[in-house]
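Asks: Please work out how this folds:
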Amino acid sequence: MMFISKFNKLIRNKILWGGFAGIVVLSFVVWGTQTGGSGAEEETVGKLYGKQVPPAQFRKAYFNTYLSMSLMLGRPLQITDKLNDLMRKLAWRRMVVLRAADELGLAAPADEVAGTIAQQPFFNDNGRFSPEKYQAFAQTFLARLGASQAQFEGQVREELLINKARMLLAQTVWVAPLEIAQAFSQVYDIFQVSYAVINADDLRHRIKISDADAREYFAARREEFKLPEMARVKYAEFSFSRFVDEKSLTEETLRGYYDENIEKFSVKTTNGWSDPVPFAEAEGQIRALLAQENAVETAGDKALDFEVALAPDRAGNAPSFEEAAKAAGVTVRTSTFFSAESVVPGLEAGIDFNQAAFNLRPTPDEYFSHPIKGSNAYYIVAFDQRSDPRIPEYREVKEAVFQAALEEAARNMLNETARYLRDAAGQALKEGKTFTAALAPFGAEVIRPEPFSARSGFPVDDDDEDLAYALTKNILPLSAGELSEVIPLTNGAAIVYVESRRPESHAVFQSIRNDLGLFIQRRRVETAFYEWQEYLLKEAGFEDYAARKRTESPPEDEQEPDEDDVAP
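Replies: A predicted model of the protein is given here:
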C-alpha cells in the first residue's frame, strides 16, 4: 500500500489537492471523450477473452490506475497523449490481473480494506484511527473527484488484490546465495587499474580525404545525402521596434501600472514586503516596458490588417502581395531555400515560420499565412517556390560529403589503432611487462587512479560521468591480471588493465547480505510480475481498439510511450 503512504505529505497542501482533483476530473472527461460516448462508439473499447469489454468497466480500471499511480508517485499526473496511451496499457493489465486474482481465489474482505485504511498515518490521531479525518478526506478530495468513499474503498480493495497476486508470484522467485555474493563483489570489490584513452581528435590530422575519395564515398551512399522538400517564400516583416513610442504614454497610464503591480517593485523579506521603489525611480523602466508591449501588440494588429488586405473579395479580386506590402509601408523580402527543420537565414522566427511556409498552397486563398510572431517581429509569409525531395548532385553537397567521409575514416582509424594497441598491450603483458611499459613505445598516456570500488565510483579526470560509467561497466566482469576489450567512447576508445581486485571484508558482506538479497528479489519479482501481466494479456487475446486505430493511421510525430518510466 505504498501509494496510500503518500497521503500524509500531499493532503497538507490544499492547493495541490485542488489542482490534483481538477486535473483528474478534466483529464478523465477528456479521456472519456476520446474513448467513446454512446451508441456504436460505446462498443469499441477493446476485447478480452473473446468478448467486448464494457466501456464502464474500462473507464473504472483506467481511473483507478490513474489514481493509484498519482498517489504512488506523490504528484498529480497531467494527461498527455503519451501518458494516455500508457495509462490505457496499465488499465488493461489491471483488469487481467484482477481476473487472475479472482480465479486464484484471492480475496480482500471489507474488514481488511477498512484495516488497511485505518493504518494509514494521515487517518490517525494520536495513534488511533480518526473517522473525522477520513470524512474530511472524503469531503475535500474525493468529493472534488466526484468519487464516493465506496469507490475509494473499492480502489483500495483492488490494490490489495493486486499486491496479493504479486506476493504469490514472489514466493516462486528465489535468489541463490552465489548470486548475492556475486552482486556484492561487483559493488564492493576494490579495484586497482591502469587505463589509456585514445582520442579520435588526435588522429584526424593524419587523415587526408581527396576529391576522388569523397566522390567514391558519395557514390556508395547517395541516399544518405538526399535533400528534403525545400521551400522559398516571400515575406513581409512588421518589426516591433518600428512601433515603439514611449512619448505617447501618459503619467496616468504609468502610475496605473505601478499601482497594479506594486509587488514587482518591492522585495519580500523575512519580515514581509519591503517598501516599494518610489514611482519616480521606476517610471523609466515602466515606460520602456509598456512601450515595448504596445509595440508588439501594434505590430500584430498591422500584420493582421495586412493579412485581411490579401484576402480576395466576393468577385475574387485582391491586391498582389507586393501591392499590399507597399500600401502597408513594408518591404517584401525573399528567403533562401530552406527545409521544414532548418533555420531560415537572417530571421529569428523559429519553427512556426517553417511550419507556416510548408502549409502554403499556390491558390488565391492559401498562398499567404496568418501573422507569425518571431522574437523581434511579426511576419506574413507568401508562397514562392517549392522543390520535391531529391538525390543531389555531388557538387551540391560536396562539403557535407567531405565531412562525412572524414568522420568515417576517423572512426576506422580509431578502431584500428585501438585494436592494435590492445593486442600489443596484451602480448607485452604476457611477456611480463607492466601496462605502462607495454604502451610506452606508442606514446599513449597511461592513467593509474587511486584504488576504488563500483560503489565509490571510477575516479576520472573532470568528473566525466560517461567515461566513468563505460570503464566501470567493462571492468566488473574482469579478474586481476585481465585486460579489457576495446571500450567505445563518445569520441574515442579506452583500454583498461585490472592490476588487482581485492574483496571487501567478510564482515561487511554479512552485514548487508540479507538486504542485498531482498533488493535483488524485489527487482526480480517486479520483472516477473510485468512478464506475467504480458502473458495474461496474450492469453486473453487482448485487443485495444483505440491503439489499433492509431496503428492504422498513426500521426507523423507519434512515439511509443516509455513504459520504463512507470512501474508495471
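
Asks: what separates the one helix or strand Glu293 maps to from the chain centre, distance-wise?
Replies: Using DSSP states H and E, Glu293 sits within helix 279-310. The chain centroid and the centroid of helix 279-310 are separated by 36 Å under CA atoms, centre = their mean, to the nearest Å.

Asks: Pull out the buried residues from that helix.
Replies: Neighbour-count burial for helix 279-310 flags 282, 286-287, 290-291, 294-296, 298-300, 302-303, 306-307, 309-310 (criterion: 16 or more other CB atoms under 10 Å). All C-beta spots, glycine's among them, are computed from the backbone N, C-alpha and C.

Asks: low pLDDT regions in the chain?
Replies: Along the chain, segments meeting pLDDT under 70 span 1-44, 71, 74-77, 144-146, 267-274, 547-568.

Asks: Tell me which stretches of the stretch 301-450 of the chain form strands.
Replies: For the stretch 301-450 of the chain, the strands identified by DSSP state E, counting those that start in this stretch occupy 332-334, 372-373, 377-387, 446-447, in order along the chain.

Asks: want to try JSON lines for these, with mean neighbour count and distance to Tyr257 as columns?
Replies: Formatted as JSON lines, those follow (neighbours: other CB atoms under 10 Å; distance: least, CB to CB, whole Å):
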{"stretch": "strand 332-334", "mean neighbour count": "14", "distance to Tyr257": "36"}
{"stretch": "strand 372-373", "mean neighbour count": "20", "distance to Tyr257": "23"}
{"stretch": "strand 377-387", "mean neighbour count": "21", "distance to Tyr257": "24"}
{"stretch": "strand 446-447", "mean neighbour count": "16", "distance to Tyr257": "61"}
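
Asks: Take the ones you listed and write them to TSV, including distance to Phe243.
Replies: Listed next are these as TSV, based on distance: least, CB to CB, whole Å:
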stretch	distance to Phe243
strand 332-334	19
strand 372-373	14
strand 377-387	10
strand 446-447	61
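
Asks: on that earlier part again, what helices or strands is the helix holding Glu293 leaning on?
Replies: For helix 279-310, the packing partners by 3 or more CB pairs under 8 Å, 6 or more residues apart in numbering; DSSP states H and E come out as strand 230-239, helix 251-260, helix 321-328, strand 377-387.

Asks: list the helices and strands the shortest one packs on?
Replies: Right, the one you point to is helix 321-328. Applying 3+ CB pairs under 8 Å, 6+ apart, we find helix 321-328 packed against strand 230-239, helix 279-310, strand 332-334.

Asks: The shortest one: partners in the sheet, and parallel or antiparallel?
Replies: In other words, strand 332-334. Sheet pairing for strand 332-334, assigned by DSSP bridges, gives strand 230-239 (antiparallel).

Asks: List of residues touching the strand it pairs with?
Replies: Residues outside strand 230-239 that contact it (CB atoms under 8 Å, 6 or more residues apart in numbering) are 299-300, 302-303, 306, 321, 324-325, 328, 330-340, 357-358, 360, 371, 376-387.

Asks: list the buried ones in it?
Replies: Residues of strand 230-239 classed as buried: 230-231, 233-238 (neighbour count, 16+ other CB under 10 Å).

Asks: and of the helices and strands packed on helix 321-328, who's closest to Glu246?
Replies: Between Glu246 and the helices and strands packed on helix 321-328, the shortest gap by CB to CB is with helix 279-310, which sits at 4.3 Å.

Asks: Next, the angle from the closest one to helix 321-328.
Replies: Calculated by axes from the mean of the first three to the mean of the last three CA atoms, to 10 degrees, helix 279-310 forms an angle of 140 degrees with helix 321-328.

Asks: After the helix or strand containing Gly154, heading C-terminal, what element do we hit next?
Replies: According to DSSP H and E, Gly154 maps onto helix 149-170. Downstream of helix 149-170, the next assigned helix or strand under DSSP H and E is helix 177-188.

Asks: thinking again about what came up before, what would the helices and strands packed on helix 279-310 look like in a markdown table with distance to Gly346?
Replies: Written out in a markdown table, the entries for the helices and strands packed on helix 279-310 read as follows (distance: least, CB to CB, whole Å):
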| stretch | distance to Gly346 |
| --- | --- |
| strand 230-239 | 10 |
| helix 251-260 | 35 |
| helix 321-328 | 17 |
| strand 377-387 | 12 |
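
Asks: closest to Asn415 out of these?
Replies: strand 230-239 (36.1 Å).

Asks: so the closest one versus strand 377-387, what angle?
Replies: Angle between the axes of strand 230-239 and strand 377-387 is 160 degrees (criterion: the same axes, to 10 degrees).

Asks: now strand 230-239: how far from the chain's centre is it?
Replies: The chain centre lies 33 Å from the centre of strand 230-239; the measure is CA atoms, centre = their mean.

Asks: Next: stretch 220-239.
Replies: Distance, stretch centre to chain centre, for stretch 220-239: 28 Å (CA atoms, centre = their mean).

Asks: how long is that stretch from one end to the other?
Replies: Chord length of stretch 220-239, first to last residue, is 47 Å (CA to CA, to the nearest Å).

Asks: Check stretch 500-507 too.
Replies: Termini of stretch 500-507 sit 21 Å apart (CA to CA).

Asks: likewise stretch 441-452?
Replies: End-to-end for stretch 441-452, by CA to CA: 28 Å.

Asks: Not counting that stretch itself, show me its contacts.
Replies: Around stretch 441-452, the neighbours that count as contacts under CB under 8 Å, 6+ apart are 190-198, 421, 424, 435-436, 439, 458-461, 502.

Asks: one more time with 10 Å
Replies: Residues from elsewhere that reach stretch 441-452 (CB atoms under 10 Å, 6 or more residues apart in numbering): 189-199, 417, 420-421, 424-425, 428, 434-440, 456, 458-461, 468, 471-472, 494-497, 499-500, 502.

Asks: Buried residues, that stretch. List them.
Replies: Under the neighbour-count criterion of 16+ other CB under 10 Å, stretch 441-452 has 444, 446, 452 buried.
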